[in-house]
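>>> give me coordinates for this.
(one chain, ligands or ions: 1)
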Amino acid sequence: MNVSWIFFFTFLLLIHTVLLQSVLVGESVILPCTLEQNLQEVYWKDKDNGVVCDILDGKADFNEQDPAYKDRVTIFPSETKNGNFSIMLRNVKESDAGPYTCSAPNRKIVKLELTVKVSQTTPGNGESPRRADGLLTFLLGCALLYTLTF
Ligand SMILES: *[C@@H]1O[C@H](CO)[C@@H](O)[C@H](O)[C@H]1NC(C)=O
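The predicted structure follows:
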């Protein structure tokens, strides 16, 4: 078993467990999470362990929700029976950036990293494809660096 195999498996593990999601400030983003079907309790938490959304019996429950996410989170009720516990976060703020987890008791934890970009384009100007390419390269670079250092 040589070193490159270890890197290869580390990389596989990372792309399997950490998903990068990127969004512009003010836009909406879907945070994907697929678990088993018919789970009774699924919890979405942020980096400070604050509750983003609870999904109980396939329905959103906002009783424990951190006020920071009030009225900004919706789930996809018709998808939960298929094990799709993805949520939509609207009106994204810079403070929303960071890691999120989606988990159910005694099940694997789905981890996700949200990157929030502040638009640098002037009003009326669309974002150029070139910049999008640059960003993708940057994100891939980060992912690679992350793989190599941890
Ligand atoms: C889960 O549902 C969302 C919203 O309908 C959809 O965008 C996403 O593709 C679904 N994910 C899977 C794995 O089916």
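>>> going forward, measure contacts between C-alpha atoms and count neighbours the same way
Fine.
>>> got the contact list for the nearest residue to Arg72 once chain neighbours are set aside?
Distances taken as Cα to Cα, 6 or more residues apart in numbering place Arg90 nearest to Arg72, at 5.0 Å, with adjacent residues excluded. Arg90 makes contacts with Gly26, Glu27, Ser28, Val29, Arg72, Val73, as judged by Cα atoms under 8 Å, 6 or more residues apart in numbering.
>>> which positions in the protein make contact with the ligand?
Thr34, Phe76, Glu79, Asn84, Ser86 (Cα under 6 Å from any ligand atom).
>>> how about those, which pair is most distant?
Spanning the widest gap among the residues of the chain next to the ligand are Thr34 and Phe76, at 12.0 Å by Cα to Cα.
>>> list residues touching both of these two?
Counting by Cα under 8 Å, 6+ apart, the shared contacts of Thr34 and Phe76 are Asn84, Phe85, Ser86.
>>> okay, those residues in a markdown table with pLDDT and secondary structure next?
Formatted as a markdown table, the shared contacts of Thr34 and Phe76 follow (pLDDT from 0 to 100; DSSP: H, G, I helix; E, B strand; the rest coil):
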| residue | pLDDT | secondary structure |
| --- | --- | --- |
| Asn84 | 97 | strand |
| Phe85 | 97 | coil |
| Ser86 | 97 | coil |
